[in-house]
Structures are given as structure tokens and as C-alpha cells.
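1. Structure for the following, please:
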Amino acid sequence: MKIFKDFISYNTYLGLPAPLDNNIDVGYYDPPNMLLKSEPVAVDFYRISFKVNFKSKILPDNDPITAVFFNSPNIVLSEGWDIEPTYTGMYLQLSKKIIEENRFLFKTYLDYGQHEALYLTEEEIKEISSVFELMMKYYKNSTRNFNVLISYVNVLVSLVEAYYKRQFSTDPKLYSRIVSDFQQSLIQYYDQPVSQLPSVQYFAEKLGLTPNYLGDIVKHYTQKSALENIHDFVTKKAKELLEQNSNMNNSEIAYELGFEYPNYFSKFFKKQVGLSPKEYRSQVITKLQNQ
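-> Next up is the predicted model:
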């Protein structure tokens, strides 16, 4: 598998023009003159691709689509690609350095997988094309104003974020099922002995999604992050064990829930509930005695 560390090597591989900047690269696709088939590759930077009437020979659904795709560090295009040279589109490439120095550019969707694409409406692609045209103007200008270019990049990434929220809202049947599968997997997590706490990464892998994609869907539909949902469930399980198993001490409950250290369980519970496990159990016993 090939790993590309910079824009210039990846652009050369694809058949795209050489970048004008090492931290931001903006351009239009020219499929007839590009590499149309490739083995798996990875890039060590962030990449947003806007593709109109894109048709892949690998995807089971062979109808052309208009969508946004992402490449990011540590995400491998596991199947490579084999595409038709009939699409049009634009791309934006951002170095890890530019993301770090301009934190407002970092959006969770930048780490989405290729299979978690954003499907664009005609109006949305028009809006993106307009912003892209302005970006290209400042990018190609030899005396370009970097701050203006960054501002347009910010507009573009913010638009994509807004469009994802639109997509999550317009297909509730699909996305609410993902939330239900996540919640069901969380319930089933403690059906067997565990050695660690449940994590967003664990459930994302179980559902075949990237952690950020799962997290954004869960947040959209529950108004809480995936991690907050996990913490709420662990707290609920902890309360049940404290209430129903008077013979179990704090250490046993901590290990039962997957905490590595009992004192971490105590701190976690105190933060979530406002009482230590011992105080909570005493409160429960007092209430039962007063009934």
C-alpha cells in the first residue's frame, strides 16, 4: 500500500496539477487525464472531494452520484478505486499543520470514511461551486491574501457541516436505526464479563462506521455525544449494582463495569451523580428503611 506524505506526490500519482502551497491545495478534477484505477492508498493530510455525476465500478449501486468524500490521516482507501472518467468536481487539501494552526477548520467529518459520504442537492453543489470559484481566485493569485483564502476555506467546511446535518435530518429512518443499533449494542455490552469500559471506538467498529460519524449521528438524534450516552448507561448500571447487590463492594462493582481501578470508578460516579458510591448506597438504604 502506498502512503503519500505530501500534496505534490499524491497529485503526481493522480495526474493533478502541482500544488501552489504546501499547506492548502485547491483545484478542479480532470478525469480523462487522471488515474482512474488504483490499489489501496493512504494520505497523511486531509482531503475533501466534491464529485458531480461520479460513477464507481466498485460500488454495488452503479448509478452516478453527486457527493462529498473524505481522505484523512490513518484512513486507508481499503478497496482502492476503479471509476468512470465522466464526472466533474473540485478538491480541497489541507495539511495537518494548517488544521492545527486554524482549529476552527477542524470538523469531525474530516475523519469520516469513504463509505460515509455526503450526498449533495443541486442547490448545495451550486453554493459550493460559487465558494470554490472565489477560493480559486485567491489561490491562483501570486499575491494572494492568505487570510482571505482561509476565510473561504472556513465557509466551505462550515457549509459541508450544515449539509451533513440536513442529510441526517432528511433520512431519519436510516440514521435513527444507527442510533438504535448503537443503544442496543450498549445494552448487550454487559451481557458477558468485560475487561474494559465501553468506548465509542468499540461501537463504531461493531457497526462498521468511523467513530466521528457515529458520534455525530448520535449527537444529532439524542442531543448528547456518544460518549455522554455511554457514561449515562454506565452510571445506570452502577446504580443498579449498588442498589441490588449489597454483598458487592466498590472494587467488585468497578471491575464488573470494566473500570481498571476502583478509585477511578469512585471519581467517575461522584462526577456523574454528585455522590460517592458509598454515599449513594447509604441513601438508597435509608430510603428503603423509611418506607
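
2. my guess is Val148 is in a helix, correct?
-> Yes - assessed with DSSP: H, G, I helix; E, B strand; the rest coil, Val148 lies in a helix.

3. and it, how far is that from Lys140?
-> Counting by CB to CB, to the nearest Å, the gap from Val148 to Lys140 is 13 Å. From N, CA and C alone the C-beta is placed, and that goes for glycine too.

4. Who has more neighbours out of the two?
-> Set Val148 next to Lys140 and count neighbours by other CB atoms under 10 Å: Val148 wins out with 14 against 11.

5. Not counting its neighbours along the chain, what's nearest the more buried one?
-> In space, and not counting its chain neighbours, Val148 is closest to Tyr138: 5.3 Å by CB to CB, 6 or more residues apart in numbering.

6. Output the below-cut-off pLDDT ranges for the chain.
-> For the chain, the stretches flagged by pLDDT under 70 are 59-61, 76-78, 291.

7. any idea where the strands of it begin and end?
-> Along the chain, counting by DSSP state E, strands occupy 2-4, 24-28, 37-38, 41-43, 46-54, 65-71, 81-82, 88-94, 118-119.

8. Could you say which one of the ones you listed comes nearest to Tyr190?
-> With distances scored as CB to CB, the stretch of these nearest to Tyr190 is strand 65-71 (33.6 Å).

9. For that closest one, C-alpha coordinates in CSV please.
-> Taking Å, rounded to 0.1, in the frame of the first residue of the first chain, the C-alpha atoms of strand 65-71 are listed here in CSV:
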residue,chain,number,x,y,z
ILE,A,65,-23.9,10.2,-7.6
THR,A,66,-23.1,13.8,-6.6
ALA,A,67,-21.4,13.7,-3.2
VAL,A,68,-18.5,14.8,-0.9
PHE,A,69,-15.9,12.3,0.0
PHE,A,70,-13.0,12.5,2.6
ASN,A,71,-9.5,11.2,3.0
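
10. Other residues contacting it?
-> Contacts to strand 65-71, defined as CB atoms under 8 Å, 6 or more residues apart in numbering, come from residues 42-43, 45-55, 77, 109-114, 116-120, 125, 160, 163.

11. Just list the residues touching the most centrally placed residue in the chain, thanks.
-> The centroid of the chain falls nearest to Asn212 when counting by CA atoms, centre = their mean (2.4 Å). Taking CB under 8 Å, 6+ apart, we find Asn212 in contact with 108-109, 111-112.
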